[in-house]
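Q: Here is a sequence with its predicted model. Questions after.
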Amino acid sequence: YSYTLSNGANSSSIVVSPTVNTTYSVSLTNTTGCSANSTPITLSVTPLNILVTASPSLICNGQSATLTASAPILGTGGSMTILNGYAIHTFTNVGASTFTPPSAASVEYLIVAGGGGSGASNGTGGGGGGGVLTGTTNLVGGQVYTINVGAGGLGAVNQSTRGANGSNSSAFSLVALGGGGSGSENGPILGGASGGSGGGGVRSGVGGAGTVGQGFAGGSNVNDGGPHYSGGGGGGAGAAGTNGSAGTLGVGGNGIQSAISGTATYYGGGGGAGSYSGMASAGAGGLGGGAMGGTNPSDGRNRNGSPNTGGGGAGTGNIGNPGGNGGSGIVIVKYLIPASQNYTYTWSNGGANSSSIVVTPNTNTNYSVVLSNTSGCSSPLISPITLSVTQLQAPITGMSTVCAGITVTLNTAISSTPATGGVIT
């Protein structure tokens, strides 16, 4: 037979060294030209992510510290942090990337689309915030999932084009819609575009609609005229943008707050509207990255939504200024770290076969550990952890020989000197 394996090899027996779960198959062909395909086989890979901590990490001579080794089973993808027993994967780069959960699990997610860009008008409306989705979903362990982070929509460069909608963000078959762009002064496009949250309307234009469950409508321009000529604020993920008018500034709708990252943060705020009047400030952007509007004659350039928030771009004060860009989106995935397997621990100092050992070094000392699981997999020797030891020196000075009845003074000068030996940090 001739053999054609899925990894490109051509042999009846091959050696493979995958770093992630990998599926292999083979096609066999005989001398008469008949061929058949095998049933795929999946080789499961057990990752060993070793963490070693020292508590405390700095001790005095004669004191003890506890060294603890662990091997949490972690997924891959994005920028990962560990907090209170949870793994948090954050995806900020615009475009497609992948996420692989460590095991079958329920994960918490935040999906934020790109914010909408602002149009070009006197008193331009704000761009809509990117749509925001939150919730939990069940994933298959080891399966590769595609994550998409949407870009912010570009602001219009002239009054003949509306601000562009932000791009969608997606994960796990869920799609957050990009924020709607705000209107521009050319008649057919006065109204804001619909999106995750709607863009603001200008010069009597109506705000764009939001998407149920993702965001709210943009504000409209009502009672158009001086001094502001203000368009509507962009809609936010948590509230609609307010209407703008001759005497009222359109304010961007607030986004919604999430603490999935470990820090309570707003996402999907609408952009504020501009003012033609030349006032010191214009419409405020909504919480969640929405930019503040600009004023006439030149203020308002580069008033973009904040990156990785889905914030809407801000409106400008003068028709000659390009609209602000929407902020890019973000995707965050969080899950409880699965329980570690049973391991054998081999410490560099010959310590007990235990995940935690107590040590009492007299000098700065490096420690490392090798973990082996029941499948026979062993971790590589990790970078050593250094336990620093501080020695206290308290010399006493003064006269060492005196006559009976004579009073002398003894002086103590305490100094803290690091122990010698090892690596001093």
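A: Perfect, I can see it now.
Q: For the nearest residue to G225 once chain neighbours are set aside, give me its contacts.
A: Setting aside the residues directly before and after it, G225 is nearest to A246 in space (CB to CB, 6 or more residues apart in numbering), at 3.9 Å. Any C-beta I mention is one placed from the backbone N, CA and C, and that applies to glycine too. By CB atoms under 8 Å, 6 or more residues apart in numbering, the contact list for A246 reads 223-230.
Q: quick one: T363 and S388 touch, right?
A: No. The pair T363 / S388 is not scored as a contact, 9.5 Å apart, by CB atoms under 8 Å.
Q: Just want to know which of the two has more residues nearby.
A: Legend: neighbour count by other CB atoms under 10 Å for T363 and S388, higher for S388 (20 against 15).
Q: From S64, how far out is the more buried one?
A: Distance, S388 to S64, by CB to CB, to the nearest Å: 14 Å.
Q: got it, and T211?
A: 59 Å.
Q: Looking only at neighbour counts, state which of those two leads.
A: T211 (24 against 11).
Q: and that one, what is it in contact with?
A: 131, 177, 194-197.
Q: Neighbour-wise, which one of the residues you listed leads?
A: S197 (50 neighbours).
Q: Next up, identify which helix or strand that residue is on.
A: In the assignment (DSSP states H and E), S197 maps to no helix and no strand.
Q: cool, T386 as well?
A: Per DSSP H and E: strand 385-393 holds T386.
Q: what mean pLDDT does that strand have?
A: For strand 385-393, the mean pLDDT works out to 80.
Q: Let's see that strand as PDB, backbone CA atoms only.
A: Listed next in PDB are the C-alpha coordinates belonging to strand 385-393 (Å, rounded to 0.1, in the frame of the first residue of the first chain):
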ATOM      1  CA  ILE A 385      12.100  30.700  42.000                       C
ATOM      2  CA  THR A 386      14.500  32.600  44.300                       C
ATOM      3  CA  LEU A 387      13.800  32.800  48.000                       C
ATOM      4  CA  SER A 388      15.600  35.900  49.400                       C
ATOM      5  CA  VAL A 389      17.000  35.800  52.900                       C
ATOM      6  CA  THR A 390      17.800  39.000  54.900                       C
ATOM      7  CA  GLN A 391      20.200  38.800  57.800                       C
ATOM      8  CA  LEU A 392      20.100  41.300  60.700                       C
ATOM      9  CA  GLN A 393      23.500  42.400  62.100                       C
END
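Q: returning to what we had before: quickly name whichever of the contacts of A246 is closest to G125.
A: Nearest to G125 out of the contacts of A246 is S230 (CB to CB; 8.0 Å).
Q: Which pLDDT value belongs to the residue nearest to the closest one when sequence neighbours are not counted?
A: Counting by CB to CB, 6+ apart, S230 lies nearest to G244, which is 3.2 Å off, once chain neighbours are set aside. Per-residue confidence (pLDDT) for G244: 92.
Q: How many residues are close by G244?
A: 38.
Q: same question, V358
A: 11.
Q: Quick check: it touching T66?
A: Yes. With contact defined as CB under 8 Å, V358 reaches T66; the gap is 5.4 Å.
Q: mind checking which helix or strand the residue nearest the centre of the chain is in?
A: Nearest to the geometric centre of the chain sits T90, at 3.0 Å (CA atoms, centre = their mean). Using DSSP H and E, T90 falls within strand 86-91.
Q: what do you get for Y266?
A: Short version, using DSSP H and E: Y266 is in strand 265-267.
Q: partners of that strand in the sheet?
A: strand 256-258 (antiparallel) (DSSP bridges).
Q: What mean pLDDT does the strand it pairs with get?
A: 98.
Q: Name the residues that touch that strand?
A: 110, 132, 134, 236-238, 264-268, 287-288, 332.
Q: 10 Å instead, please
A: The contact list for strand 256-258 (CB atoms under 10 Å, 6 or more residues apart in numbering) reads 108, 110, 112, 129, 132, 134, 214-215, 236-239, 264-269, 287-288, 332.
Q: Just the buried positions in that strand, please.
A: 256, 258 (16 or more other CB atoms under 10 Å).
Q: Stretch 367-376 too?
A: Result for stretch 367-376 [16+ other CB under 10 Å]: buried residues 367-371, 373.
Q: repeat for stretch 53-64
A: 54, 59.
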